[in-house]
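Sharing a sequence plus its predicted fold:
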Amino acid sequence: MSESDFAQLARDIKQWGHDLGFDHIGIAEIDLSAHEAPLQQWLDANYHGEMDYMARHGMMRARPSELHPGTLRVICARMNYLPPDASFAKDLKQPDVGYISRYALGRDYHKTLRKRLKLLGEKIKQNLPELDYRPFVDSAPILERPLAANAGLGWVGKHSLVLDEQAGSWFFLGELLVNIPLPIDHPIADKCGNCTACITICPTQAIVEPYVVDARRCISYLTIELQGSIPSEFRPLIGNRIYGCDDCQLICPWNRYAQLSNEADFMPRDTLKGKQLLELFNWSEAQFLDYTQGSPIRRIGYQRWQRNLAVALGNAPHNPTIIEHLQTALSHCESTMVGEHIQWALIQQQQKAALIDNKKTQRLIRSIEKGLPRDA
């Protein structure tokens, strides 16, 4: 094929991607050598926490041709996931409601994007039989965000997520590694400027410097990736966030331009969105598996689900019913890890009850003193 043939193929690929439901398609070169040193520094600082898979493959993450031999280009795809009725802040402002990160309220995006990427690969192969491709959706050691930036899908913001001035950051990314020399797209300039809103808003101060996130402090890591106990110093800061965190995206000025999605798979499930903490906490394991079927939430398992909810219940306003349900759950708890978090939650609720009683006592004393004679 000639250079002009590949240029036409690139245009066709973008149109085919659009027809398959992708909101943006870009093509990147595979040279990520500039990202190897920062990646190694991040790993050396142990910012990846328990995510051993981040270090397991060394610098392969920055070398797509090692991940899939013969790779010459990466076709990067973006799919918006923001529904028309997101109402993020509403749930965050209701401390007795479980907040679930927006991306996890619908169907597991891995399945949706991977299926579409495979269809795109097959479409290209129909027109170019010698094509060799491999799709990835957050499922292999590859630096997808720098690749997306190289493909012109946006720039990597200070919170480490990809941002686009016309679409914000509420989108998923996927990649198609291919063995054909397609013309590449060009990166766009970083437009974060002097803004540090995402750094300031982070409840646990996980963005330790612009563009660098210490996962060990990140609420998404603590509620999803962390296998064991959540460190006690972070529990009060988690609030009612029971699966992931969106704060750095919610505050980002560029998300005023976020584009809505019509993709049915990404619409929120009624069983998950806006539910009371106690309702979610009282699910049996069978109910958890049923209600999270096809959802990314299922991957954390029932025990971590209970762990997260226990922390949120501890952070909720004092409620005798919460104490009652926590005590009942503790009496039947078979997990030491979950039991520890339930006990912590009980202490938080009991301390709030004692504080309320103390305030009532002080008010009573003051009212009595006001009614006493002056010489009493």
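Done, it's in. The structure presented is a predicted model; accordingly, all values stated were derived computationally and were not measured.

Only C-alpha atoms from now on, for both contacts and neighbour counts.
Noted.

I'd guess Leu177 is in a strand, am I close?
Yes: assessed by DSSP: H, G, I helix; E, B strand; the rest coil, Leu177 belongs to a strand.

burial measure for it, as a count.
Leu177: 26 surrounding residues under other C-alpha atoms under 10 Å.

Identify the residue nearest it in space, chain neighbours excluded?
In this structure, Leu177 finds its nearest non-sequential neighbour in Val74, 4.6 Å apart by C-alpha to C-alpha, 6 or more residues apart in numbering.

Quick check: phi and psi on the one you found?
Note on Val74: its backbone torsions stand at phi -120, psi 120 [degrees, to the nearest 10].

go on, Lys93?
With angles defined as degrees, to the nearest 10, Lys93 sits at phi -90, psi 0.

quick one: it from Gln349, how far?
Distance from Lys93 to Gln349, counting by C-alpha to C-alpha, to the nearest Å: 19 Å.

out of these two, which sits in the busier spot?
Using other C-alpha under 10 Å, the more surrounded residue of Lys93 and Gln349 is Gln349, with 23 against 12.

Quick one: residues contacting the more buried one.
Residues in contact with Gln349 (C-alpha atoms under 8 Å, 6 or more residues apart in numbering) are Gly314, Asn315, Ala316, Pro317, His318, Asn319, Ile322, Ile323.

neighbours around Asp52, how many?
The tally of other residues near Asp52 (other C-alpha under 10 Å) stands at 11.

If we go by neighbour counts, what in stretch 247-266 is buried?
247-252, 254-255, 258-261, 263, 265-266 (16 or more other C-alpha atoms under 10 Å).

which residues in the stretch 151-300 of the chain form strands?
Using DSSP state E, counting those that start in this stretch, the strands of the stretch 151-300 of the chain run over 155-156, 162-163, 171-178, 207-209, 212-213, 241-243.

Those strands: which one's closest to Ala55?
Of all the strands of the stretch 151-300 of the chain, the one in closest proximity to Ala55, counting by C-alpha to C-alpha, is strand 212-213 (15.6 Å).

which residues sit against the closest one?
Outside strand 212-213, the residues within contact range by C-alpha under 8 Å, 6+ apart are Trp42, Tyr47, Lys158, His159, Ser160, Ala206, Ile207.

right, and the pair among these with maximum separation?
With C-alpha to C-alpha as the measure, no two of the contacts of strand 212-213 lie farther apart than Tyr47 and Lys158, at 15.8 Å.

Same drill for those two, tell me which one is more crowded.
The neighbour comparison of Tyr47 against Lys158 (other C-alpha under 10 Å) goes to Lys158, with 23 against 19.

what sits against the residue nearest to that one when sequence neighbours are not counted?
Using C-alpha to C-alpha, 6+ apart and skipping the chain neighbours, the partner closest in space to Lys158 is Tyr211 (4.1 Å). Tyr211 is in contact with Val156, Gly157, Lys158, His159, Ser160, counting by C-alpha under 8 Å, 6+ apart.

one step back: for the buried residues of stretch 247-266, which one is nearest Lys275?
Nearest to Lys275 among those is Phe266, at 17.9 Å by C-alpha to C-alpha.

Quick check: that closest one vs Ile142, distance?
24 Å.

Pull the residues that contact stretch 299-307.
The contact list for stretch 299-307, computed with C-alpha under 8 Å, 6+ apart, reads 223-225, 227-228, 242, 281, 285, 288-289, 335, 337-338, 341-342.

Most neighbours of all these, which one?
Top of the contacts of stretch 299-307 by neighbour count (other C-alpha under 10 Å): Ile242, with 29 neighbours.

if I pick it, what's in contact with it?
For Ile242, the contact set (C-alpha under 8 Å, 6+ apart) comprises Gly98, Tyr99, Ile100, Thr223, Trp305, Asn308, Leu309, Ala312.

let's see it at 6 Å
Ile242 sits next to Gly98, Tyr99, Ile100, Asn308, Leu309 when contact means C-alpha atoms under 6 Å, 6 or more residues apart in numbering.

Read off the pLDDT value for the closest residue to it other than its chain neighbours.
Among residues not flanking Ile242 along the chain, Asn308 sits closest, at 5.2 Å (C-alpha to C-alpha, 6+ apart). At Asn308, the model reports a pLDDT of 98.

Show the backbone phi and psi for Asn308.
Backbone torsions of Asn308, given as degrees, to the nearest 10, read phi -60, psi -40.

any idea of the pLDDT on Asp375?
You'll see Asp375 listed with a pLDDT of 54.

I misspoke; the intended subject was Ala353.
At Ala353, the predicted lDDT confidence score is 88.

Doesn't it lie inside a helix?
Yes: judged by three-state DSSP, Ala353 forms part of a helix.

For Gly314, see how far away it is.
Separation of Ala353 from Gly314 (C-alpha to C-alpha) stands at 12 Å.

Name the residues that touch whichever strand or helix holds Ala7?
Element membership for Ala7 (DSSP states H and E) is helix 3-19. Helix 3-19 is contacted from outside by Ile25, Leu182, using C-alpha under 6 Å, 6+ apart.
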